[in-house]
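*Asks:* here is my input; please provide its structure:
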Amino acid sequence: MVAPRANWKGFIKFGEVACPVALYTAASSSERIAFNTLNRKTGNRVKREFVDSETGDPVERDEQVKGYEIENGQYIVLEPDEVAAAVPDSDKTLKVDAFIPCNEIDGVYFDKPYYLTPAKMGTEAFVLLRDGMKKAKVAAIARTVLFRRMRTLLIRPHGKGLIATTLNFDYEVRSSQEAFEELPDLKIEGEMLELAEHIIGTKKGSFNASTFDDRYETAVAELVKAKIEGRSLPKKKALAVSKESDLLQALRESAGLGAKKAEPKRTAANANKGAGREKATKPTVVAKSKSAAAPTRRAS
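*Replies:* Numbering: from 1, shown residues only. As a prediction, this is how the structure comes out:
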């Protein structure tokens, strides 16, 4: 088995203590199914080519340059050496700015995780930092130049080592206000809330990544296999969305109470009506049969 290759090597420094470390990719998409773009007529692969948007002429790599648009169709040209000069200098050091409670940062700021491991000469200082953070139940905020950009990282104890997650900058994270601004202020209570709590209670569990499969990758792999074997896949039925008028019934069915209906309370006045009860029986039976038939129609 080939040993993983470090994405970055440097030092981590907290106070006056420093030790050599390395970052390794913790999550990768390299195992996903990849497609090539083909010419439908010939079946040959197509090449990507940069062309001038006005003349349509191809532009070779050495003639390409970066530009920043200041107005519609007007650009400031940035030469490669100018861009390189703007990249901050790297001293290859993860400087710990602060230690914070582990749950203080909103997950929306998380970008990409890396395993942070020590070099052989820095194991003792590394373990000291790891165990100290575990005991204090804190995470570290550190900064360094990573892949030509100044990045902020959240460093947390993870198994025998540490995990460093790059964080999105504040300007990169969109406000949730626009996403939720049209959400009305509703207050759910009574039976509906009780049923929802019951369903949630029956579904409690723990997170185990191995139990979650990538259904898209599985579906694409099955599609490729079916194409090779010359067969077609069955069409999937569209998911029926619960209507507001059916929400209570859907909750009851989810809780296993689909066939149960609340019986009307029997008062002393109703008990003394005698024959009147028999007349009231037929409408009650009809109402039950209609409500029982409704879920069948929706399910079909």
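
*Asks:* after the host helix or strand of A179, which helix or strand is next?
*Replies:* For A179, the host element (DSSP states H and E) is helix 176-180. Using DSSP H and E, the helix or strand that directly follows helix 176-180 along the chain is helix 191-202.

*Asks:* for that next one, name the packing helices and strands.
*Replies:* Helices and strands touching helix 191-202, by 3 or more C-beta pairs under 8 Å, 6 or more residues apart in numbering; DSSP states H and E, are helix 247-254. No exception for glycine: its C-beta is placed from N, CA and C like everyone else's.

*Asks:* dump the helix it packs on to PDB, restricted to CA.
*Replies:* Extracted in PDB, the C-alpha atoms of helix 247-254 (Å, rounded to 0.1, in the frame of the first residue of the first chain):
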ATOM      1  CA  LEU A 247     -50.100  16.600   7.400                       C
ATOM      2  CA  LEU A 248     -51.900  15.300  10.500                       C
ATOM      3  CA  GLN A 249     -52.900  12.100   8.900                       C
ATOM      4  CA  ALA A 250     -49.300  11.600   7.500                       C
ATOM      5  CA  LEU A 251     -48.000  12.100  11.000                       C
ATOM      6  CA  ARG A 252     -50.400   9.500  12.400                       C
ATOM      7  CA  GLU A 253     -49.400   7.000   9.800                       C
ATOM      8  CA  SER A 254     -45.700   7.600  10.500                       C
END
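
*Asks:* from the contact counts, what lies against that helix?
*Replies:* On a contact count with 3+ C-beta pairs under 8 Å, 6+ apart, helix 247-254 meets helix 191-202, helix 276-299.

*Asks:* one more pass at 6 Å, please.
*Replies:* In terms of contacts (3 or more C-beta pairs under 6 Å, 6 or more residues apart in numbering; DSSP states H and E), helix 247-254 is packed against helix 191-202.

*Asks:* where does the closest residue to Q64 other than its chain neighbours land on pLDDT?
*Replies:* Closest residue to Q64 apart from its sequence neighbours, by C-beta to C-beta, 6 or more residues apart in numbering: F50 at 6.3 Å. pLDDT, F50: 94.

*Asks:* residues near F50, how many?
*Replies:* 11 (other C-beta atoms under 10 Å).

*Asks:* what ranges does the chain have for its strands?
*Replies:* Ranges of strands in the chain, per DSSP state E, are 8-14, 17-25, 66-71, 74-78, 93-101, 110-118, 138-146, 149-158, 161-167.

*Asks:* can I get those in TSV including distance to I200, mean pLDDT and mean neighbour count?
*Replies:* Below are these laid out as TSV (distance: least, C-beta to C-beta, whole Å; pLDDT from 0 to 100; neighbours: other C-beta atoms under 10 Å):
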stretch	distance to I200	mean pLDDT	mean neighbour count
strand 8-14	41	93	19
strand 17-25	35	93	18
strand 66-71	50	91	9
strand 74-78	53	91	10
strand 93-101	27	94	15
strand 110-118	25	95	18
strand 138-146	29	93	20
strand 149-158	28	94	18
strand 161-167	29	95	20
